[in-house]
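J.: I would like to see how this sequence folds:
(chains A and B)
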There are 2 protein chains.
Amino acid sequence: MYGLIAKLTAVSGLRDELIKILEEGTRNMPGCRSYIVAKDAAEVNVVWVTEIWDSEASHQASLSLPAVKDAVGQAKPLVAGFERVAVTNPVGGVGFPSSD
Amino acid sequence: MYGLIAKLTAVSGLRDELIKILEEGTRNMPGCRSYIVAKDAAEVNVVWVTEIWDSEASHQASLSLPAVKDAVGQAKPLVAGFERVAVTNPVGGVGFPSSD
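T.: Reported below is the predicted structural model:
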C-alpha cells in the first residue's frame, strides 16, 4: 500500500471552504482506500490529509481525473501553504483497509 | 471525532518489532475508529501512526487498558524518538469511519 500525510494551510478564514472542496473532489478515485480530511485542533487554518492507496500508481493516476483536477483548481486560491509531511507504506492496524 | 498523527523513530533495526507491538496492542480499544500503522517510505527507522477516535475521552481511557499499557511497556525500549505531530478533528473523506 502507498500512503501520504499532508499538511495544508488555508488562506485565513477559508479552511471550511477548502475542506468542502477536498471532500467533494476526492470521492471516486480508483485505488483510494482512505482519504481522511481533518482540521488541526490548535491551528485554525491548518488541514491534515492522510491517504492510503492500493499503489503509488493509483495515486498518480488520480491526479488526472477530471474531478480531482477540478478540485485542485478550485482549492489552489484557498491554499496558503502545502507540505508533504510523509510518504508512507501503511502496514496494518485498526480500520486498515482490506487490499481487495 | 478526535485524531492524532504521531511520528515514532525506532531504535535502529527494530522498526518491524515496534510495528508488531503497535499493531497487536491496539486491537480492542473502545472508541477507536482507526489506528493505522505505516512505515515511512524514506526513513528506515520511522513509523507513522494516524488515529481516529470517537472522542478524546476514549483515547485517554485507552491508555489505561491492560493491553495498551503492556504494549507501551514493550515498545518503550524500541523507541528512540516520539513526536506528536498533530492533534486533529477528523471531519470526512473516503473511508471516514461512521460515528455509530
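J.: For the lengthiest strand in chain A, give the mean pLDDT please.
T.: Using DSSP state E, we find that the single longest strand of chain A is strand A:79-94. Averaged over strand A:79-94, pLDDT sits at 98.
J.: Same check on stretch A:48-59?
T.: On average, stretch A:48-59 scores 98.
J.: again with stretch A:16-36
T.: Mean predicted confidence for stretch A:16-36 is 97.
J.: what are the bridge partners for the spatially closest residue to A:G95 that is not a sequence neighbour, then?
T.: Spatial nearest neighbour of A:G95, chain neighbours left out: B:S34 (3.6 Å); criterion: Cβ to Cβ, 6 or more residues apart in numbering or on different chains. Glycine gets a C-beta too; all of them are placed from N, C-alpha and C. Counting by DSSP bridges, B:S34 is bridged to B:I52.
J.: And for B:S34, the neighbour number?
T.: By other Cβ atoms under 10 Å in any protein chain shown, 22 other residues sit near B:S34.
J.: now it: how far from A:I36?
T.: Distance of B:S34 to A:I36, given as Cβ to Cβ, to the nearest Å: 8 Å.
J.: which residues are contacting the strand or helix carrying A:H59?
T.: If you go by DSSP states H and E, A:H59 is part of helix A:56-62. The contact list for helix A:56-62 (Cβ atoms under 8 Å, 6 or more residues apart in numbering or on different chains) reads A:Y2, A:L4, A:M29, A:P30, A:G31, A:C32, A:E51, A:W53, A:V68.
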